[in-house]
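[1] Sequence first, then the predicted structure:
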Amino acid sequence: MSFSTMLSAQSSKDHWNTLAMVNKESKFDDMLGMVVQTATPTPIAETLNGEEITIRGFIIALDAKAELKHFMFSRYPQNMCFFCGAAGPESAMQVFLKEGDTIDFTKDKIEIKGTLNIQKGDPSGLIYTLSKAELLNVMK
């Protein structure tokens with residue numbers, strides 16, 4: 001199976017599997033005064049950079065607003081997400097909705113689409129951002 005065939009097959013599946021393809025490294029962070037783990041996307045994951053993708057996951061609200069324009073998005077429910085310590089940074093992304101769009105917080109799994117951007121060296125540890133995103137489906 002060729003590389004392009006693998007990517008084509010992956011595009012119809014769960015993009016989280018591709019985004020999980022990272023190289024992890026532990027190093028001492030002088031600013032934090034502790035060892036931190038960083039993740040760098042592999043070339044396969046980087047092929048999604050700048051692409052419009054559809055992905056399913058869970059909203060991790062950044063504030064208590066009813067109508068969200070910007071939020072964290074996780075492959076896992078909140079009790080298992082990266083920010084709660086049970087998963088790596090490759091399992092979460094920040095999301096910015098299309099101009100003028102908002103969505104209400106839900107604990108249900110949702111499906112969204114938007115343009116994926118990959119950051120390297122972000123001090124927050126975040127690797128992925130989805131911009132110009134829109135809600136496609138709420139899965140109850």
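    Yep, it's here.
[2] Surely Ala45 is in a strand?
    No. Under the criterion used here (DSSP: H, G, I helix; E, B strand; the rest coil), Ala45 is helix, not part of a strand.
[3] Run through the residues that contact it.
    Ala45 makes contact with 18-22, 90, 118 under the criterion CB atoms under 8 Å, 6 or more residues apart in numbering. Every residue, glycine included, has its C-beta placed from N, CA and C.
[4] Phi and psi next, for Ile127.
    phi -110, psi -40 (degrees, to the nearest 10).
[5] The closest residue to it other than its chain neighbours: neighbour count?
    Nearest non-adjacent residue to Ile127, counting by CB to CB, 6 or more residues apart in numbering: Pro89, 5.5 Å away. Number of residues near Pro89 (other CB atoms under 10 Å) recorded here: 19.
[6] thought Pro89 was touching Gln119?
    No. Counting by CB atoms under 8 Å, Pro89 sits too far from Gln119 to count as a contact (10.2 Å).
[7] out of the contacts of Ala45, which is most surrounded?
    Within the contacts of Ala45, most neighbours by other CB under 10 Å means Leu19, with 24 neighbours.
[8] one step back: among the contacts of Ala45, give me the pair with the biggest separation.
    Greatest spatial distance among the contacts of Ala45 (CB to CB): Ala20 and Ile118, at 13.2 Å.
[9] which parts of the longest strand that the chain contains are buried?
    When the chain is parsed with DSSP state E, its longest strand is strand 128-139. Burial within strand 128-139, assessed by neighbour count using 16 or more other CB atoms under 10 Å, is assigned to 128-130, 133, 135.
[10] Show the contacting residues for Phe71.
    Per CB under 8 Å, 6+ apart, neighbours of Phe71: 59-62, 94-95, 105.
[11] Please give me every residue in contact with the closest residue to Ala61 other than its chain neighbours.
    Leaving aside its chain neighbours, Ala61 sits nearest to Phe105 (5.0 Å; criterion: CB to CB, 6+ apart). Counting by CB under 8 Å, 6+ apart, Phe105 makes contact with 59, 61, 66, 68, 71.
[12] Looking at Phe105 now. What's its pLDDT?
    You'll see Phe105 listed with a pLDDT of 90.
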